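Visitor: show me how the following folds:
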Amino acid sequence: MKYTIIIIITSISTLLLSQDIVSECITIDFETINGVSSASGIPVNNQYQNVAGITFILENGMSPVLAQYGGSTPEAFASSLGSDVPIPGQVPTLGEFFITDDGQLSGLASPALIMNFNPPIDSISSYILDMDLGEEFTVEAFDISGNKLDEVFIRAGDPGTGDGLATPWGLNDPGCEGKISQVRMKGERDTPGAFGLGMDNFTICFSGIDILVDIETEVEDILCQDSPGAIQIINTGDSELTYSIDGGVTFQSSALFTPLNAGDYIIIVQNEDGCLAALNETIIAEGPTVIEEVVVTHTTCGENNGTLEVFASVDENVIYFIDALNFQNQNYFENLEPGPYVVTIIGPTGCSAAVDVVINPSDNLILDPSSFVNDACEQSIGNIGANAIGGTGEVLFSLNEGSFSADSYFDSLAAGEYILTAIDEPGCSKMDTIVLDGSPGVSILDADIEEAVCGDKTGTILLEADGGSGNLEYSIDGINFFPEPFFENLASGNYDVYVKDEFGCNAEAFYSIPTFCPVYIPNVFTPDDLNFNNLFQAYTYDLQEVQIHRYLIYDRWGELMYSDYNFDIHTNDHWWDGKFQGEDLMPGVYTYLIEYQIGQYHLEIVTGDVTLIR
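Guide: Take a look at the predicted model:
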């Protein structure tokens, strides 16, 4: 379907609609603005736009303001009569208010005052206030394309200029309707002092030829993107016209502009005499037929978790679908598997639009505990080695919710349950539970020791051990291990014994095999023999340790003749020499009690008779 819109170009203001546009002029004296009394210092920018299509602006982007004759602030000029006081009795008669720049009387120049006209005008005139002391003004006129049409240059000292005077100026471009689109007024001075711009009593005229009087336009909007937009200009007059849609850079004789996208357009019309006019038209697109953007979130972690978010040119009454089966009012699709999709929308007018998108696949992260070693002997010697397959980017590992690192090997672990976690750069993670078994420690409980007799290899060790895993083995040198805990044919001495299990868990203990020799106690001794057997002394093997705990000698009536305690059998200082209280005893039979201990284990008490011979 095509829509035809007839555009009728109106005149510049409601005031002029009831008058002859060919010869009408208006005057702006700033005494009132839109019927409201003016005030000093108020900004002037677009208050005249609705009335006459006129706007004011300073070249620095600020708004000009109103000054008041004879007022204190803001100031625009200083005459011989005072601040902002003109010479009285001038023609024209000046009112109370006039336009100035920023209201600051300072420096050697002010920002230019710019007036814009829509529609363009044919002529303009005004008065510059107080041109003296080396001041000069330049007024320039431009057409709608920015081309300079004319300019006026006035310098202090020219006719009509002077202290407190109102100096007239004017620009006129006869023959064309609306050729002047902008006027730029710039002033400055070349002598020391302060400069301020002041202007009053603008007269703007709309006269000449109106080339739009015989113009009509037809606009073809865009419907469902199936037909291009177009602007058709219809010339019902006799003049030959040319047209430009690029700001007056190029003109064409064809009155049709197509294909056009949706948007606002300014078309400049020019007749044979070079007169210009402008048309403003808008092309719209019917319905939300444009998919502006589709935000794609690709899958992660090898899962079907892709998403699509569709942004259309309008938000309401739009139907969305991606499979031609399931229609929805929401613009968001989730839990999508990887692959191609055709995203389609249908707008309120039934217009549709579609776009192709692709959701990329992703690698699944697989955690493989590639190796682990159980603990043994309760020594925390277990370890876990991890391996990650797939995933995206660098993979980090953690054990039991510890910090993540690139190291995939964990050692010095005790028996127990462990949680191994791997995570890749997008945040995909996998977990696995690993149980490390352990074995109990080995301990040596006791040993049954048999002595070695008088230095012969007759000693034995029988070990009693507990704990460990599997069969235990035993050793008395730490090198050679045997399955039996019994060791024989051992000489007296110290032994380090060892027990280990199948995992290498071991225990160590220290044992001694004592030397056991008989203790010889003679039954006769001769105190008077200076060389041999002159003490009643017990004897044993030289390397055997024997401690005499009690050594008691009695006569036949039971009287204690001699005693000594706790001495080594191998000493000579403690034995009985056959005396009592320092006197030699008579030969005869005496009795004894000897208590002794061999090594750490053998304790014995011996009694008997001994004969003293002299």
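Visitor: just how off-centre is stretch 221-234 within its chain?
Guide: Centre-to-centre, stretch 221-234 and its host chain are 48 Å apart (Cα atoms, centre = their mean, to the nearest Å).
Visitor: what lies in contact with it?
Guide: Contacts with stretch 221-234, where a contact means Cβ atoms under 8 Å, 6 or more residues apart in numbering, come from 1-3, 215-220, 241, 243, 245, 255-262, 265, 267, 269, 279, 281, 283-287, 289-290, 349-353. Every residue, glycine included, has its C-beta placed from N, CA and C.
Visitor: try it again at 6 Å.
Guide: 3, 216-220, 255-260, 262, 281, 283-286, 289, 351 (Cβ atoms under 6 Å, 6 or more residues apart in numbering).
Visitor: so where do the strands sit in the stretch 501-614 of the chain?
Guide: Ranges of strands within the stretch 501-614 of the chain are 506-513, 515-516, 524-525, 546-554, 560-568, 579-580, 583-584, 588-598, 602-612, based on DSSP state E, counting those that start in this stretch.
Visitor: which of these has the lowest mean pLDDT?
Guide: Sorting the strands of the stretch 501-614 of the chain by mean pLDDT places strand 515-516 lowest, at a mean of 78.
Visitor: before we move on, the earlier item: buried deepest among the strands of the stretch 501-614 of the chain, which one?
Guide: Across these, averaging neighbours per residue (mean count of other Cβ atoms under 10 Å) puts strand 515-516 on top, at a mean of 23.
Visitor: partner strands of it, with direction?
Guide: strand 452-453 (parallel) (DSSP bridges).
Visitor: low-confidence regions, the stretch 301-450 of the chain specifically.
Guide: For the stretch 301-450 of the chain, the stretches flagged by pLDDT under 70 are 370.
Visitor: can you pull out the strands in it?
Guide: 306-312, 319-321, 332-336, 339-346, 352-359, 365-373, 382-390, 396-399, 409-413, 416-423, 429-436, 442-450.
Visitor: give the buried residues for the shortest one.
Guide: Same thing as strand 319-321. By neighbour count with 16 or more other Cβ atoms under 10 Å, strand 319-321 contains the buried residues 320-321.
Visitor: packing partners of that strand?
Guide: On a contact count with 3 or more Cβ pairs under 6 Å, 6 or more residues apart in numbering; DSSP states H and E, strand 319-321 meets strand 339-346.
Visitor: can you list the strands that the strand it packs on pairs with?
Guide: Going by DSSP bridges, the partners of strand 339-346 are strand 319-321 (antiparallel), strand 352-359 (antiparallel).
Visitor: got the CA positions of the last one in PDB?
Guide: Below are the C-alpha coordinates for strand 352-359, written out as PDB (Å, rounded to 0.1, in the frame of the first residue of the first chain):
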ATOM      1  CA  SER A 352       8.100  -8.900   9.400                       C
ATOM      2  CA  ALA A 353      11.900  -8.900   9.500                       C
ATOM      3  CA  ALA A 354      14.400 -11.700   9.900                       C
ATOM      4  CA  VAL A 355      18.100 -12.000  10.500                       C
ATOM      5  CA  ASP A 356      20.500 -15.100  10.600                       C
ATOM      6  CA  VAL A 357      22.600 -15.700  13.700                       C
ATOM      7  CA  VAL A 358      24.800 -18.500  14.900                       C
ATOM      8  CA  ILE A 359      25.300 -19.800  18.400                       C
END
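Visitor: nearest to residue 24, of the strands paired with strand 339-346?
Guide: Closest approach to residue 24 among the strands paired with strand 339-346 is made by strand 352-359 (49.5 Å; Cβ to Cβ).
Visitor: okay, strands next: where are they in the stretch 101-250 of the chain?
Guide: 113-121, 123-131, 135-142, 148-155, 162-172, 180-189, 198-207, 215-220, 222-223, 229-235, 242-244.
Visitor: what's the least confident stretch among these?
Guide: Among the strands of the stretch 101-250 of the chain, strand 222-223 carries the lowest mean pLDDT (a mean of 76).
Visitor: and it, which strands flank it?
Guide: In the sheet, strand 222-223 lines up against strand 285-286 (parallel) (DSSP bridges).
Visitor: could you give the mean pLDDT of the partner strand?
Guide: 68.
Visitor: list the pairing partners of whichever helix or strand comes after that strand within its sheet, with orientation.
Guide: Remark: after strand 285-286, the chain's next helix or strand is strand 291-297, criterion DSSP states H and E. When pairing is defined by DSSP bridges, strand 291-297 lines up against strand 306-312 (antiparallel).
Visitor: residues of the partner strand that come out buried?
Guide: Neighbour counts over strand 306-312 (16+ other Cβ under 10 Å) mark 306, 308, 310, 312 as buried.
Visitor: what bridges to the last one?
Guide: Partner residues in beta bridges with residue 312, using DSSP bridges, are residue 291.
Visitor: same question, the first one
Guide: According to DSSP bridges, the partner residues bridging residue 306 are residue 336.
Visitor: who are the contact partners of residue 555?
Guide: Residues near residue 555 by Cβ under 6 Å, 6+ apart: 561, 590.
Visitor: let me fix that: residue 39
Guide: Contact analysis of residue 39 by Cβ under 6 Å, 6+ apart lists nothing.
Visitor: so what pLDDT did it get?
Guide: You'll see residue 39 listed with a pLDDT of 89.
Visitor: and it, which helix or strand is it part of?
Guide: Using DSSP H and E, residue 39 sits within no helix or strand.
Visitor: pipe the strands of the stretch 101-250 of the chain into JSON lines and attach distance to residue 25 and mean neighbour count per row.
Guide: Listed next are the strands of the stretch 101-250 of the chain as JSON lines, based on distance: least, Cβ to Cβ, whole Å; neighbours: other Cβ atoms under 10 Å:
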{"stretch": "strand 113-121", "distance to residue 25": "9", "mean neighbour count": "22"}
{"stretch": "strand 123-131", "distance to residue 25": "8", "mean neighbour count": "23"}
{"stretch": "strand 135-142", "distance to residue 25": "16", "mean neighbour count": "21"}
{"stretch": "strand 148-155", "distance to residue 25": "18", "mean neighbour count": "14"}
{"stretch": "strand 162-172", "distance to residue 25": "11", "mean neighbour count": "18"}
{"stretch": "strand 180-189", "distance to residue 25": "13", "mean neighbour count": "21"}
{"stretch": "strand 198-207", "distance to residue 25": "4", "mean neighbour count": "22"}
{"stretch": "strand 215-220", "distance to residue 25": "24", "mean neighbour count": "19"}
{"stretch": "strand 222-223", "distance to residue 25": "42", "mean neighbour count": "20"}
{"stretch": "strand 229-235", "distance to residue 25": "28", "mean neighbour count": "18"}
{"stretch": "strand 242-244", "distance to residue 25": "29", "mean neighbour count": "19"}
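Visitor: thank you kindly, that will do.
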